[in-house]
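Engineer: Got a predicted structure here, sequence first:
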Amino acid sequence: MPGVDGQALRAALDGALSRFGEHGIDAAMVLVVFDESAESTLVTSLTKQPWDVVVVGGGIRKTEQLLPLFEQIVNLIRRHAPQAAIAFNTSGGDSVEAAQRWL
């Protein structure tokens, strides 16, 4: 994303992921690049195991230029992890809470 420090973002996302473990929730994270690899990256992650909930981050939802990626993500979740609830966070800091609403 333009104007975003990639290392700082990755550190924040890693911290958010570790919070899932602190709450006893088995979780994984996939970072998606808006290019031709997005679909295969997502399908691989979504079909790796059955998921109870998939949290879609605010950075993808709230960035207007990423609207096509957001739509693609929601439709891939629906197709490849139909048993999973779909949750939305407002930032990486509340991903656990977003997931907990559906667990």
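Structural biologist: Happy to help now that I have it. In this text, all values refer to a predicted model and were calculated from it rather than measured experimentally.

Engineer: all contacts plus neighbour counts: C-alpha atoms, from now on.
Structural biologist: Fine.

Engineer: Now do the strands in this protein.
Structural biologist: Applying DSSP state E to the chain gives strands spanning 53-56, 85-88.

Engineer: Would you reformat those strands as TSV and include mean neighbour count?
Structural biologist: Listed next are the strands of the chain as TSV, based on neighbours: other C-alpha atoms under 10 Å:
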stretch	mean neighbour count
strand 53-56	21
strand 85-88	18
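
Engineer: Mean pLDDT and distance to residue 7 added to those strands, as TSV?
Structural biologist: Shown next, in TSV, are these (pLDDT from 0 to 100; distance: least, C-alpha to C-alpha, whole Å):
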stretch	mean pLDDT	distance to residue 7
strand 53-56	96	20
strand 85-88	97	23
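
Engineer: Please convert those strands to CSV, extending it with distance to residue 71.
Structural biologist: Formatted as CSV, these follow (distance: least, C-alpha to C-alpha, whole Å):
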stretch, distance to residue 71
strand 53-56, 11
strand 85-88, 13
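
Engineer: can you tell me which of the ones you listed comes nearest to residue 20?
Structural biologist: With C-alpha to C-alpha as the measure, strand 53-56 is the member of those nearest residue 20 (11.8 Å).
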